[in-house]
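Engineer: below: sequence and its predicted model.
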Amino acid sequence: MFCRNFVQENKVSPFCPRADFSFRVAVLYFCIFVRFFFIKLIFHISYNNYIGRNSLLFGGYCISDNISGREKIAKMIPLKFFTKHEKEKIMKQLNEQFGINEIPWQLAKFGKERIIIFSGNLSEKEIFELDNFARIEGIGLYFAKIDEKTQDIRLSIEGVQLMQNQITKNIFELDEKLAEQWMMGQDLNITTGKKGFFIMKFKNDLLGTGKISAEKISNFIPKSRRLKYKEVVLNTKKNNNM
């Protein structure tokens, strides 16, 4: 519209044979420039409204200018190391649930619910810088998960194995039949009179964490780590023949 008014006011059409060639070229370039400018302006306004004021997109994650350095790292990758106070709070909860008193490694939250253990020497800043060169998909060892509804802690299989010498509370003993069902990834349809997260135990082995409700124990063993029925039968027969 602007270009059209400009041409009409000057009573010259850029497509008219009588118009000077250089003038026509200048008008066309001017129209292209104006159109490009307004498109870029609209995109810039929409972009800022989407990711927030005074912000930039970096490494696939939005980083705002008005947030702290710790928060920038958390935005860059979904990782946040616990402060001393946060770790003490988690340790208190682990002690109440399972009797765990000490974790000598760093604790961090990866994503919204997962808690990881990290024993490396890299700082948050170094991890942030490393992620600039190569996208970090995971770091540390998956230790536990915070239940979204109850905010209770559910230890992973690795977490149970690491803390087996400290776990003294909320242990549920399984017989051989229930242990086989558990290792095959099946929920245990039994009534226990208990409620919450319990460590499943068979003889001297801790098999992971289950969630006990009114009529069953929910199983969290991943499909890739479950025993197949034939493997359980063969192992049982070998043990009986020995």
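Structural biologist: That came through fine.

Engineer: quick one, domains of the protein?
Structural biologist: According to automatic domain parsing, the chain comprises the domains 2-51, 77-167, 170-242.

Engineer: and the strand or helix carrying residue 161, what does it pack against?
Structural biologist: Assessed by DSSP states H and E, residue 161 sits inside helix 157-162. The contact analysis (3 or more Cβ pairs under 8 Å, 6 or more residues apart in numbering; DSSP states H and E) places helix 157-162 against strand 141-146, strand 205-212. All C-beta spots, glycine's among them, are computed from the backbone N, C-alpha and C.

Engineer: dump it to CSV, keeping only the CA atoms.
Structural biologist: Output in CSV follows, covering the C-alpha atoms of helix 157-162 (Å, rounded to 0.1, in the frame of the first residue of the first chain):
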residue,chain,number,x,y,z
ILE,A,157,16.9,-50.6,41.0
GLU,A,158,20.3,-49.1,40.9
GLY,A,159,19.4,-46.9,43.9
VAL,A,160,18.3,-49.9,45.9
GLN,A,161,21.5,-51.7,45.0
LEU,A,162,23.7,-48.8,46.0
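
Engineer: in its sheet, what does the helix or strand just after it sit against?
Structural biologist: Next in sequence after helix 157-162, counting helices and strands by DSSP H and E, comes strand 171-173. If you go by DSSP bridges, strand 171-173 pairs up with strand 196-202 (parallel).

Engineer: the strand it pairs with versus strand 205-212: what angle between them?
Structural biologist: Counting by axes from the mean of the first three to the mean of the last three Cα atoms, to 10 degrees, strand 196-202 lies at 150 degrees to strand 205-212.

Engineer: got the angle between strand 196-202 and strand 141-146?
Structural biologist: Going by the same axes, to 10 degrees, strand 196-202 makes 140 degrees with strand 141-146.

Engineer: which residues does residue 122 contact?
Structural biologist: Residue 122 makes contacts with residue 130, as judged by Cβ atoms under 8 Å, 6 or more residues apart in numbering.

Engineer: low-scoring pLDDT stretches of this structure, where are they?
Structural biologist: 1-25, 27, 29, 33-77, 133-137, 229-242 (pLDDT under 70).

Engineer: would you map the helices across it?
Structural biologist: 2-9, 21-51, 69-76, 84-98, 124-133, 157-162, 176-183, 229-241 (DSSP state H).
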